[in-house]
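Peer 1: model this:
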Amino acid sequence: QIQLVESGGGLVQAGDSLRLSCTASGRTFSSFMFVMGWFRQAPGKEREFVSAISCFNGNTNYADSVKGRFTISNDGAKDTVFLQMNSLKPEDTAVYYCAAQWRGRLLTGAREYDYWGQGTQVTVSS
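Peer 2: Numbering: from 1, shown residues only. Reported below is the predicted structural model:
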């Protein structure tokens, strides 16, 4: 069983930056099938895809709404994934969730992910 723990959320002003971290534990992560990603959910809205990274080859995928502003990366051991968020906007306000799956593709549907963190709040004031 894999456990995911997020950190790094907070309250910032529009235009500021934040970096979220998510550390996975419980299994080996050397498999080429392991993918980690970030989703977010604002009040009254569905959970939406933000970004994903392959822990095998480092390939990434981004939602159009965050392209050019957010960057996903992982550490050398590939058990921690980061989401660097720059030029934050009020519409980025949401609970951000780390997720993981073994399907080997940079999927964007929440139902495709099997493991979830507890979420971390990001609030961007105007």
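
Peer 1: Distance of the spatially most central residue of the chain relative to residue 6?
Peer 2: Residue closest to the average C-alpha location in the chain (CA atoms, centre = their mean): residue 38, at 2.1 Å. Distance from residue 38 to residue 6, counting by CB to CB, to the nearest Å: 9 Å. C-beta here means a position set from N, CA and C on the backbone, and glycine is covered the same way.

Peer 1: what comes up buried for the helix or strand hosting the residue nearest to the centre of the chain?
Peer 2: Assigning secondary structure by DSSP states H and E places residue 38 in strand 35-41. Buried residues in strand 35-41, counting neighbours by 16 or more other CB atoms under 10 Å, are found at 35-40.

Peer 1: what pairs with the closest residue to residue 9 other than its chain neighbours across the strands?
Peer 2: Once flanking residues are discounted, residue 9 sits nearest to residue 120: 3.4 Å by CB to CB, 6 or more residues apart in numbering. Beta-bridge pairing for residue 120 (DSSP bridges): residue 96.

Peer 1: Do you know the pLDDT at residue 120?
Peer 2: At residue 120, the pLDDT value in this model is 97.

Peer 1: Count the neighbours of it for me.
Peer 2: 21 (other CB atoms under 10 Å).

Peer 1: so it sits right up against residue 4, yeah?
Peer 2: No: Residue 120 is beyond contact range of residue 4, at 11.0 Å (criterion: CB atoms under 8 Å).

Peer 1: in what helix or strand does the closest residue to residue 15 other than its chain neighbours lie?
Peer 2: Take residue 15 and drop its neighbours on the chain: the residue closest to it by CB to CB, 6+ apart is residue 87, 6.1 Å away. Of the helices and strands defined by DSSP H and E, none includes residue 87.

Peer 1: Much appreciated, bye for now.
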